[in-house]
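S.K.: could you work out the structure for the sequence below:
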Amino acid sequence: MKKTALYSWHEEAGAKMTDFCGYLMPVQYSGIIAEHKGVRASAGLFDVSHMGNFYVKGSRSLEFLQFMTTNDAASLKNQQAQYTLMLYPEGGIVDDLIIYRIDHETWFLVVNASNMEKDFEWIEKHMQEFEGVSIENHTERLSLIALQGPKSMHILQRVFSSSVCEQLSSFQFLKTGFQGTEVMIACTGYTGEKGVEISLPNEQALDLWKAIMTEGSGFGIMPAGLGARDTLRLEMGYPLYGHEINHKTNPVETRLKWVTKLDKGDFIGREACIEADRRPRRTIVGFVMEERAIPRQGYTLYDASGKEIGKVCSGTMSPTLQKPIGTADVLRSAMETGTAVFMEVRNKRYRGKVVRLPFVKQG
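M.R.: Model prediction:
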């Protein structure tokens with residue numbers, strides 16, 4: 001079992017640890033609800049060092065990434081980042097990821113931990129068609145720390161400087177120093193709150209983590225685990241691989257058409273997306289339960305006539321709304337806000353209704 005560079009801190013803090021994608025990761029410290037509310041109200045600090053980290057380099061790297069991903073990488077300037085997807089030729093999703101343009105020939109990719117090895121092999125396989133392009137896997141060399149919440153930038157400027165914060169806006173990043181080592185600070189995250197994700201060598205990760213916790217103590221910062229990370233992302237309606245998206249789902253039918261640029265030129269899976277766009281059959285919706293039942297992945301949904309219309313992708317009791325919420329893959333006939341849905345739990349059906357995403361307003 002792998003351990004991140006911050007494992008000893010998590011253990012001393014009494015975190016509940018679990019196996020996640022081959023890493024021992026903290027699920028919670030004080031409790032998922034407390035950590036969730038702490039991020040929404042102030043700030044939370046997450047260890048997400050299990051995520052995959054690749055460098056793609058070479059004179060044709062932009063051309064290569066345009067072919068490999070759905071979004072328009074050519075629209076990026078240096079120090080800008082972008083949410084995007086990699087697809088199979090049939091249109092299923094290999095993974096969702098963030099790419100960072102360092103310069104024309106150097107790109108940094110952050111991919112899902114569960115897909116890291118698969119993604120690396122997929123990229124490497126297609127790289128053979130683009131002479132001079134190379135890929136480097138830095139996953140085990142780098143740590144990734146996410147500082148999220150409305151007070152995150154106040155804390156960040158105490159650790160680094162106010163000038164660092166002034167240079168950052170959504171999906172921008174910069175490189176700066178910490179203890180004589182270069183770190184990359186990106187204005188990205190998975191909670192819907194203001195915040196950053198900081199990539200740095202493992203050797204400096206523990207000192208930076210401690211510095212952020214110290215400077216954040218006056219702002220009510222809390223360490224937060226993967227449990228709160230999941231409830232936070234669900235309140236925002238953000239997709240999670242293996243839940244809302246997978247190797248069978250087409251982005252056009254999963255609310256991800258906005259990162260699928262059909263007019264940018266050829267990319268893997270483009271024809272399948274064009275076909276799905278002509279006759280979309282399904283979509284992802286959010287729904288709120290009106291009766292006491294918590295949605296769980298795989299539960300079946302029915303319409304008012306008793307017809308099966310879809311399956312639950314994710315669900316939880318929302319700490320912010322104090323209501324059971326969920327996302328579901330449903331027929332497009334059930335996509336309208338206010339549509340009644342009935343979720344089956346142990347042969348009994350409970351009423352809910354489709355609502356507009358996100359469940360909670362950003363920030």
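S.K.: number of residues surrounding the residue lying closest to Y7 once chain neighbours are set aside?
M.R.: Counting by Cβ to Cβ, 6 or more residues apart in numbering, the nearest residue to Y7 once its immediate chain neighbours are dropped is L24, at 6.3 Å. C-beta coordinates here come from the backbone N, C-alpha and C atoms, glycine included. Neighbour count for L24, taken as other Cβ atoms under 10 Å: 17.
S.K.: how near is L24 to H50?
M.R.: Counting by Cβ to Cβ, to the nearest Å, the gap from L24 to H50 is 9 Å.
S.K.: find residues that contact each of those two.
M.R.: K2, T4 (Cβ atoms under 8 Å, 6 or more residues apart in numbering).
S.K.: on that earlier part again, can you tell me who the residue nearest to Y7 pairs with across the strands?
M.R.: Legend: beta-bridge partners of L24 under DSSP bridges are K3, D19.
S.K.: okay, it: pLDDT?
M.R.: pLDDT, L24: 98.
S.K.: surely it touches A15?
M.R.: No - in this structure, L24 is not within contact of A15 by Cβ atoms under 8 Å, at 9.7 Å.
S.K.: burial check on C313, number of neighbours?
M.R.: 27.
S.K.: check contacts around the residue nearest to Y7.
M.R.: L24 touches M1, K2, K3, T4, Y7, M17, T18, counting by Cβ under 8 Å, 6+ apart.
S.K.: what residues of the longest helix anywhere in the chain count as buried?
M.R.: In the chain, taking DSSP state H as the definition, the longest helix is helix 202-216. Residues of helix 202-216 classed as buried by neighbour count (16 or more other Cβ atoms under 10 Å): Q204, A205, L206, L208, W209, A211, I212, M213, E215, G216.
S.K.: now swap in stretch 121-131 and tell me
M.R.: For stretch 121-131, the neighbour count (16+ other Cβ under 10 Å) marks W122, I123, M127, F130 as buried.
S.K.: same check on stretch 9-17?
M.R.: Neighbour-count burial for stretch 9-17 flags W9, H10, A15, M17 (criterion: 16+ other Cβ under 10 Å).
S.K.: do stretch 164-179 as well
M.R.: V164, C165, L168, F171, Q172, F173, F178.
S.K.: and which of those residues is nearest D263?
M.R.: Nearest to D263 among these, counting by Cβ to Cβ, is F171 at 21.1 Å.
S.K.: residues contacting the closest one?
M.R.: Here F171 is in contact with Q80, A81, Q82, Y83, A186, C187, T188 (Cβ under 8 Å, 6+ apart).
S.K.: just the pLDDT at the third one, thanks.
M.R.: Think Q82. pLDDT, Q82: 98.
S.K.: look up how far Q148 lies from the residue lying closest to D266 once chain neighbours are set aside.
M.R.: With sequence-adjacent residues excluded and distances taken as Cβ to Cβ, 6+ apart, D266 is closest to F67, at 6.6 Å. Going from F67 to Q148 by Cβ to Cβ gives 33 Å.
S.K.: more crowded one of these two?
M.R.: Regarding F67 and Q148, a neighbour count based on other Cβ under 10 Å identifies Q148 as having more, with 27 against 17.
S.K.: buried subset of the contacts of F171?
M.R.: Buried subset of these (neighbour count, 16+ other Cβ under 10 Å): Q80, A81, Q82, Y83, A186, C187, T188.
S.K.: secondary structure for the residues you listed - can I get that in CSV?
M.R.: Formatted as CSV, those follow (DSSP: H, G, I helix; E, B strand; the rest coil):
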residue, secondary structure
Q80, strand
A81, strand
Q82, strand
Y83, strand
A186, strand
C187, coil
T188, coil
